[in-house]
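# Need a 3D model of the following:
(2 chains)
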Amino acid sequence: MNIVSKLSRRRFLQLTGISASGLVLGGILPAGGSLAGILDRPAGKELNIFVSVTPDGTVEIIAHRSEMGTGIRTGLPQVVADEMEADWHRVKVIQALANTEYGSQNTDGSRSVRDFYTVMRQMGAVAKHMLEQAAADTWDVEISECVARNHAVHHLNSNRHLGFGELAQRAARLETPEPESAVLKSADDFRYIGSSIPIVDLEDITLGKAVYGTDVHLPDMLYASIERSPWLQGKIASYDAAEAKKVKGVLDVVELKAEPGPPGFNPIEGVAVIATNTFSAQRGREKLSINWSESAHSEHNSSDYLDELAGRVKGGPGKVRRERGEVDAALAEAETVVEASYRTPYLAHASMEPPVATARVEGDRCEVWAPTQGPQATQREVARALKLEIENVTVHVTLLGGAFGRKSKPDFSIEAARLAAHVGKPVQVLWTREDDIRHDYFHACSAQYYKAGLDHEGTVTAWLAREAAPPIPATFDPGVTMMSSGGLSQGFANVPFVTPNLRMESHEAPAHVRIGWLRSVYNIPYAFGVGSFVDELAHAAGKDPAEFWLELIGRDRLLDFSDEGFDYSNYGRSLADFPYDTARTKGVLRKLVDSIPWGEILPSGQGWGLSVAHSFLSDVAVASKVEVKDGRLKVLELHGVIDAGRVVNPDRVHAQMEGGMIFGMSLALNGEITFAEGKTGQFNFHNYPIARMDQTPAIIRSHITPSTAAPSGVGEPPTPPVAPSIANAVFAATGKRIRELPLGKHFDV
Amino acid sequence: MKLTINGKTVELDAEPDMPLLWALRDMLGLRGTKYACGMGVCGSCTVHLDGEAVRSCQLTLEGAAEGEITTIEGLSEDGSHPLQVAWREHNVPQCGYCQPGQIMSASALLAANAAPSDTEINNMMAGNLCRCGTYPRIRAAIKSTFANAAAAPEDEQ
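Numbers count the residues shown, from 1 in each chain, chains lettered A, B, ... in the order given. Okay, here's the model as predicted:
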């Protein structure tokens, strides 16, 4: 049970940078401590969210998560508003500053609703209770006679009512009630939860008034553009800035040395050109002449590297990560043995707004404005880089012009802070698109090998899977060369199959680039490998792929991998709170097949394919219809079904499904980053294409499975099943099995 | 440099070969026009030059001075352009960053062709990238501006 307490106005100011008046509530997690302790914050207490009611009746709700396009700045406040009976039209959403007292503000892992849904409801319920108590005190009646409804408290035994604004100051003087008195609404009474409220920034966006990281503008602000080492951990051997300094508007050229140690969140070594405007900074930078030292990664060649990984996974046993039964014996006895190797490339995030940050340093204080998914990491790392007290670093979170995992890393904010400290004026560092693609925290490439046995009825009796992919932790500790259990929990080792004999193995894959997390992370390669191989097995067994999936998943049951040697992460949540229920996985698949003409006879060159994936505690099934004609591949239709438990804002879930499927199609058709001599072969949208409107199918449909289960992830789960569904559709259309992404290497797309 | 932007004449002390994008954003405070690629391949910086959609990252101030510039801030006084209204009705944006450019491209398209076909919409809008994948809703919003008008006579029958 979470508990909620009043906050002082001083604390409100510290957390938001905004003065508050009236009732201010803060939530603390978990229960079990003294409510009175909130102002000096006993150990183990984390503040999550707060609400304030101003005397004019405005309900201010803090958004402590970052808005990168999922609608979370609207979704969580609408939960609070619902429980407290606030009128949405009188709600003002305020973006939180970075502060560890909120608990995690790191907006990734598709977890904002699943981690904060209940907290937000309790916050709203306690606020409502306090307003009802204030009304009861005013009228000198029992609180049981007072009911909050639509921004006012009504007295049941008379016609009296008082608006929230009129009650705000009285409520603010009350003691915070016991958490038990925060009675949550029955779902039947929800006013906003489950309702498609438009996002709060909608109008500003259509007017061009929405403020992203690029749009921050401070008096006397200077602009910087940085030339960075073309390969990982290269150093400046020498440089000449004479020509750069001659460019009109250029004021300074500054060396930014990299910190020793692993890449981590540290800026890449570079030379910054500072100017009075962006254009001059970029033009000056073009005139720099820099020699870079070689590093352990300056010979990295991605094609050779993937060949090496592919050889390793096919070549022999790796470290066993999960095992059930006797795979080798079952393979030896199988009627049919099928094997296949798959590979997927590095990817770049390429959010439309590149990394950008603005910083101002005055004395021992620093202020940063950034489109960051990780406000607290930004605060912490800027403080560390500038040797400041953490509370002297203020981080303002702007809107994010897309992020997809890239903007969890605070490296670009550190650059801005270091330069601002150096020049003594506010500095904005804007990454060019070329910077963004060349110096990303790349999505890992992957090689996988699968081998399965089928009996005479076409039932899978053995499943052997091996993988090798550079692990994310290598970015922080290069000694880590093998996938973690958390990585393997993303659709590789946690396959929900009833197969009596299973074995999953990992091979080493030392990292040569900064590996990061990109929308759905390792689910991308693993869903492609697993989803393609299941389809191959279905065809080998002569069975319908949808029926084959259902048979392979088997009876309804809750999965628990602990007795098979696998430490399943379940995305950091307990299986008790978020069970892995095969009935739900099968449910989305059945609904998908029912919603499309699956099995229809199509013209030559057309085909349907499907796949299903459980990720971020949600289940998504996707079907694609494609046409392959004269070597040209066109996706004609995309259909998806999601079961994400209870849904707060159906329209935004549909939007994530539409966008997440297009994101998946984009990487399936176009997505590839290659390296030669340590450098990317791609650097802008012409050679790292992302899906365009004319590649987007005319028909895109999304279905939400109605559910009262706990809310689970939405932002990432739509993406993983898309690539295998398209590759499977290509097979259905042509008989050609593509085991390597992107498909654009094999067809015109 | 003397430019006409959103119906007003402005004077700038800048290099004539500076792309209009940076003058708009860094010097004139018109930051609704976005940077995303700098090479004219993504459409985020789209503005109108004499009513035609152009990429302001590729248009020099010298070139911009030859006509009248309209940015997202000048498309309508109060956000009432039919496309802005349609964008809101269809809840088009996700992150929203590319949307000013999308709206500027679409408004130039509709000004030249009030009822484009699906293929014409796809072709005209193919130069405007959206990483969030809002394309289905952009299409729907564009089509709603003329589908409603076209439907009206039928309703009267």
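# what's the closest non-adjacent residue to the residue positioned nearest the centre of chain B?
The residue lying closest to the centre of chain B (C-alpha atoms, centre = their mean) is residue B:104, at 1.0 Å. Computed as C-beta to C-beta, 6 or more residues apart in numbering or on different chains, the closest residue to residue B:104 that is not its neighbour in sequence is residue B:46, at 4.2 Å. No exception for glycine: its C-beta is placed from N, CA and C like everyone else's.
# Not including adjacent chain positions, what is the nearest residue to residue A:559?
Of all residues not flanking residue A:559 in the chain, residue A:580 sits nearest, at 4.2 Å (C-beta to C-beta, 6+ apart).
# so the residue nearest to the centre of chain B sits right up against residue B:44, yeah?
No - under the contact definition of C-beta atoms under 8 Å, residue B:104 does not touch residue B:44, with a separation of 9.8 Å.
# what about the strands in the stretch 1-150 of chain A?
Listed in chain order, the strands of the stretch 1-150 of chain A (DSSP state E, counting those that start in this stretch) span A:3-6, A:23-29, A:46-53, A:59-63, A:91-95, A:146-149.
# Mind pulling up the pLDDT for the single nearest residue of chain A relative to chain B?
Taking C-beta to the nearest C-beta, chain B has its nearest neighbour within chain A at residue A:208, 2.1 Å off. At residue A:208, the predicted lDDT confidence score is 98.
# pretty sure it is in contact with residue B:73, am I right?
Yes - applying C-beta under 8 Å, one finds residue A:208 in contact with residue B:73, separated by 5.4 Å.
# okay, and the common contacts of these two?
In the contact map built from C-beta atoms under 8 Å, 6 or more residues apart in numbering or on different chains, the residues linked to both residue A:208 and residue B:73 are B:30, B:32.
# What residues does the stretch 401-550 of chain A have near chain B?
A:401, A:402, A:403, A:404, A:430, A:432, A:433, A:434 (C-beta under 8 Å from any C-beta of the partner chain).
# Name only those of those residues that count as buried.
When burial is judged by neighbour count using 16 or more other C-beta atoms under 10 Å in any protein chain shown, the buried members of those are A:401, A:402, A:403, A:404, A:430, A:432, A:433, A:434.
# What about those residues, which are in helices?
Cross-referencing those with the helices (criterion: DSSP state H) gives A:433, A:434 as the overlap.
# which helices and strands does the longest helix seen in chain A pack with?
Among the elements of type helix in chain A, defined by DSSP H, the one spanning the most residues is helix A:112-139. The contact analysis (3 or more C-beta pairs under 8 Å, 6 or more residues apart in numbering or on different chains; DSSP states H and E) places helix A:112-139 against strand A:3-6, strand A:23-29, strand A:46-53, helix A:72-84, strand A:146-149, strand A:152-155, strand A:161-163, helix A:164-172.
# which secondary structure elements does the helix or strand harbouring residue A:526 contact?
Secondary-structure assignment from DSSP states H and E places residue A:526 in helix A:523-541. Under the contact definition 3+ C-beta pairs under 8 Å, 6+ apart, helix A:523-541 sits against strand A:336-344, strand A:446-454, strand A:460-468, helix A:545-553, strand A:606-615, helix A:722-734.
# Next, count neighbours for the residue nearest to residue B:65 when sequence neighbours are not counted.
Leaving out its chain neighbours, the residue that sits closest to residue B:65 by C-beta to C-beta, 6+ apart is residue B:3, at 5.5 Å. Burial of residue B:3, expressed as a neighbour count using other C-beta atoms under 10 Å in any protein chain shown, amounts to 21.
# Same question for residue A:555.
Neighbourhood size, residue A:555 [other C-beta under 10 Å]: 8.
# so it touches residue A:582, yeah?
Yes - assessed by C-beta under 8 Å, residue A:555 is found in contact with residue A:582 at 7.4 Å.
# Lowest mean pLDDT among the helices and strands, pick that one out for chain A.
Every helix and strand of chain A was ranked by mean pLDDT, DSSP states H and E. The lowest is strand A:23-29, at a mean of 49.
# Can you tell me the element the residue nearest to the centre of chain B falls in?
helix B:99-112.
# State the mean pLDDT of that helix.
Average pLDDT, helix B:99-112: 98.
# before we move on, what about stretch A:556-571?
For stretch A:556-571, the per-residue pLDDT values average out at 96.
# swap in stretch A:216-227?
With pLDDT averaged residue by residue, stretch A:216-227 scores 97.
# and it with chain B, contact?
Yes - residues of stretch A:216-227 are located near chain B by C-beta under 8 Å from any C-beta, namely A:217, A:223.
# before we move on, back to that, I'd like to know how many residues surround the residue of chain A closest to chain B.
Residues contacting residue A:208 under the criterion other C-beta under 10 Å number 25.
# so is the closest residue to chain A within chain B in a helix, a strand, or just coil?
Evaluated by C-beta to the nearest C-beta, chain B has residue B:32 as its residue closest to chain A, separated by 2.1 Å. For residue B:32, the secondary-structure state derived from DSSP: H, G, I helix; E, B strand; the rest coil is coil.
# what sits against the nearest residue to it once chain neighbours are set aside?
Spatial nearest neighbour of residue B:32, chain neighbours left out: residue A:208 (2.1 Å); criterion: C-beta to C-beta, 6+ apart. The neighbours of residue A:208, taking C-beta under 8 Å, 6+ apart as the test, are B:30, B:31, B:32, B:33, B:71, B:72, B:73, B:100.
# contacting residues around the fifth one?
Okay, so that is residue B:71. Counting by C-beta under 8 Å, 6+ apart, the residues that residue B:71 touches are A:208, B:5, B:6, B:24, B:30, B:32, B:33, B:47, B:48, B:104.
# In space, what's closest to the fourth one - neighbours in sequence excluded?
This means residue B:24. Leaving out its chain neighbours, the residue that sits closest to residue B:24 by C-beta to C-beta, 6+ apart is residue B:30, at 4.4 Å.
# what sits against the one you found?
Residue B:30 makes contacts with A:208, B:5, B:6, B:24, B:71, B:73, as judged by C-beta under 8 Å, 6+ apart.
# Give me the buried positions along stretch A:196-209.
Within stretch A:196-209, the residues that qualify as buried are A:196-202, A:204-209, counting by 16+ other C-beta under 10 Å.
# Same check on stretch A:70-80?
Within stretch A:70-80, the residues scored as buried using 16+ other C-beta under 10 Å are A:70, A:71, A:72, A:73, A:74, A:75, A:76, A:77, A:78, A:79, A:80.
# Pull it out as CSV, backbone CA atoms only.
In CSV, the C-alpha atoms belonging to stretch A:70-80 read as follows (Å, rounded to 0.1, in the frame of the first residue of the first chain):
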residue,chain,number,x,y,z
THR,A,70,3.6,8.0,-25.8
GLY,A,71,1.1,10.4,-24.2
ILE,A,72,2.3,9.7,-20.7
ARG,A,73,2.2,13.5,-19.8
THR,A,74,-1.6,13.0,-20.3
GLY,A,75,-2.1,9.4,-19.2
LEU,A,76,-0.9,9.5,-15.7
PRO,A,77,-2.5,12.9,-14.8
GLN,A,78,-5.8,11.6,-16.1
VAL,A,79,-5.6,8.7,-13.6
VAL,A,80,-5.1,11.2,-10.8
